[in-house]
Structures are given as structure tokens and as C-alpha cells.
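Asks: Let me see the structure of the following:
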Amino acid sequence: MHKLIILRGNSGSGKTTVAKALQQEFGENTMLISQDMIRREILKVSDGVDTKALPFLQELLRYGKQHSEIVILEGILVAEWYRPLFELAVELYGHDLYAYYFDIPFEETIRRHKTRAKSSEFGENEMRSWWVDKDYSPVLHEERISAELDKESIVRKIVDTVTQKTF
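Replies: Residues are numbered from 1 along each chain as shown. The predicted structure follows:
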């Protein structure tokens with residue numbers, strides 16, 4: 001059974017950290033798709049309406065469905081801009097799609113960002129310009145992750161939920 005985990009939220013909310021921990025936890029044959037990696041490093045394209053990253057992310061979802069037991073897609077993934085990606089995700093994975101929105105206050109994302117290695121690449125002003133408050137997707141049935149949960153609790157919660165239907 002192929003499963004998709006989507007982790008969305010603002011910059012500095014903990015998505016990438018949790019995604020990497022989930023990939024480690026699930027182990028072999030777990031594909032991690034990072035929006036930042038695709039958009040900023042592989043394609044070097046801007047985000048926004050009709051971003052050139054969208055068709056590539058769609059192809060990666062298709063690839064993951066065919067070749068990986070678990071696919072983890074993480075990124076800011078603004079709901080309006082990435083709606084076609086989410087619609088494809090629902091079409092491909094149906095009930096085997098687990099979506100989470102990191103609903104973390106701006107001040108907390110700034111605090112978390114300051115602990116990251118890439119904190120020197122951008123700061124509070126850039127993060128504020130990217131901020132989309134309560135960017136819930138009308139397509140995905142997302143569970144909200146709050147600032148009260150630490151990384152280990154989030155990882156355990158997701159692993160337990162995803163593996164419940166597996167066995």
C-alpha cells in the first residue's frame with residue numbers, strides 16, 4: 001500500500017525537520033520531496049501562481065506512487081497556488097493521504113528559524129513577506145499541528161496514524 005504524507009505551513013514552522021525524521025523512521029523506500037529543494041535548488045524558479053515547480057512536483061508524486069511505499073511532500077505549498085498538486089494527490093492516494101498543517105504563530109517561527117543553520121540566508125523581514133496566516137487547504141483534510149507539540153511528539157503521532165492502516 002502506497003501512502004502520502006503532506007506537511008505544509010509557513011517558513012520556520014518545523015516541516016523539514018519533521019519530514020527528515022519521518023523519512024528516517026519509515027526507512028528504506030521512503031521518498032522525501034522538499035518544495036524548497038525542487039524550487040530553489042533544482043529548478044531555481046520563483047514561487048507563486050503558475051510556478052514552474054508545480055508540474056515537476058506533480059511528476060514526482062506520480063513517480064512516488066509507482067515506486068515508493070511512503071512519499072513525504074513538505075513545503076510552504078500555498079493552498080491557492082498548489083491546489084492542482086493537492087487535487088492530484090487526492091486522486092492518486094485517496095484515503096492513503098495524510099495531510100498536516102503546521103499552524104504555528106509567526107513569533108514562534110522566528111524563534112525556531114534563529115536555531116537553524118540557514119538562519120543567515122534570510123531573516124524576519126523575508127519570513128514576514130512570505131507569511132500566509134491560516135493557509136488551510138480546501139482540498140486536503142489537514143490535521144493541524146500546534147506549537148505545543150515537539151518534534152518527537154509530531155513524528156510519533158504521524159507514524160502511529162500512518163501505520164495504523166498499514167497493519
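
Asks: Which parts of this structure are helices?
Replies: 15-26, 35-36, 53-67, 83-93, 106-113, 124-130, 151-164 (DSSP state H).

Asks: Can I get the ones you listed in TSV including mean neighbour count, mean pLDDT and distance to residue 137?
Replies: For the C-beta atoms, the positions are set from N, CA and C on the backbone; glycine is no exception. Formatted as TSV, the helices of the chain follow (neighbours: other C-beta atoms under 10 Å; pLDDT from 0 to 100; distance: least, C-beta to C-beta, whole Å):
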stretch	mean neighbour count	mean pLDDT	distance to residue 137
helix 15-26	19	97	14
helix 35-36	20	95	14
helix 53-67	17	98	15
helix 83-93	18	98	6
helix 106-113	16	88	19
helix 124-130	12	88	17
helix 151-164	14	96	17
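
Asks: Tell me which of the ones you listed lies nearest to residue 142.
Replies: Among the helices of the chain, the nearest to residue 142 by C-beta to C-beta is helix 83-93 (9.7 Å).

Asks: measure residue 59 to residue 140 for me?
Replies: Going from residue 59 to residue 140 by C-beta to C-beta, to the nearest Å gives 19 Å.

Asks: Verify the stated contact: residue 162 with residue 3.
Replies: Yes. Look at residue 162 against residue 3 with C-beta atoms under 8 Å: they come within range, at 5.7 Å.

Asks: Need the overlap of contacts for these two.
Replies: Any residue near both residue 162 and residue 3 by C-beta atoms under 8 Å, 6 or more residues apart in numbering counts here, and that gives 70, 98.

Asks: contacting residues for the residue most central in space within the chain?
Replies: The centroid of the chain falls nearest to residue 74 when counting by C-alpha atoms, centre = their mean (2.0 Å). Neighbouring residues of residue 74 by C-beta under 8 Å, 6+ apart: 6, 7, 8, 15, 16, 18, 19, 32, 33, 34, 35.

Asks: Distance to residue 118 added to those residues, as TSV?
Replies: Output for these, formatted as TSV (distance: C-beta to C-beta, whole Å):
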residue	distance to residue 118
6	22
7	18
8	19
15	14
16	10
18	16
19	15
32	17
33	19
34	13
35	15
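
Asks: if we can go back for a sec, which among the helices of the chain is found nearest to residue 144?
Replies: The closest of these to residue 144 is helix 151-164. By C-beta to C-beta, the value is 11.3 Å.
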